[in-house]
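K.L.:
Using only what follows, build the 3D model:
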Amino acid sequence: MQNRLGEALVLDGFLPYRLSVLTNHVSSALASRYAEDFSLSAAEWRVMAALGGSAGLSASEVCLRTAMDKVQVSRAVANLVENGRVVRRADAEDGRVTRLTLSAAGRAVYDEIVPRAKEFEARLVSVLTSEEQVALDAILKKLTRSVLSL
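P.N.:
Just a heads-up that it's a prediction; the model follows:
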């Protein structure tokens, strides 16, 4: 189908589509490993990864860091709390805010997954030269700034 300018959208050449497909493939590959080995969904791992780097985040802060919506984060946090991997505590200064931290069990899972995640990343980018890896990083940063300004 063509738009009013008479140009057809070639989906396989459309950058947003290609980035989405790549992201889905990467997330699926990681999620299947974490689901099998740790009974974690992709959303749960993202929450744990955010908390592993910055303990004491609120759910809203997790949303911002992971680019997940509130419903995804809420479900993931509920499951992680239920499974004893995350602890919720009221903020000492603002009782309306709940702070999230990894429990000892959650930290143990996090510590086991991190080396695997880094190894996965290394394997993923191993097809790129060092120069291409640097360029990719710069391109991703530029595209992120661009999309945030749209």
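K.L.:
quick one: the strands in the protein?
P.N.:
86-90, 98-102 (DSSP state E).
K.L.:
Out of the ones you listed, which is closest to E7?
P.N.:
Nearest to E7, of all the strands of the chain, is strand 98-102, at 46.7 Å by C-beta to C-beta. Bear in mind the C-beta positions are built from the backbone N, C-alpha and C, glycine included.
K.L.:
Now tell me which helix or strand of this structure has the poorest mean pLDDT.
P.N.:
The weakest-scoring helix or strand in the chain, judged by mean pLDDT, DSSP states H and E, is helix 15-38 (a mean of 89).
K.L.:
ok, residues contacting that one?
P.N.:
11-12, 40-42, 44-45, 109, 112-113, 116-117, 120, 124 (C-beta atoms under 8 Å, 6 or more residues apart in numbering).
K.L.:
Residue ranges in this protein under the pLDDT threshold?
P.N.:
For the chain, applying pLDDT under 70 flags the ranges 1-6.
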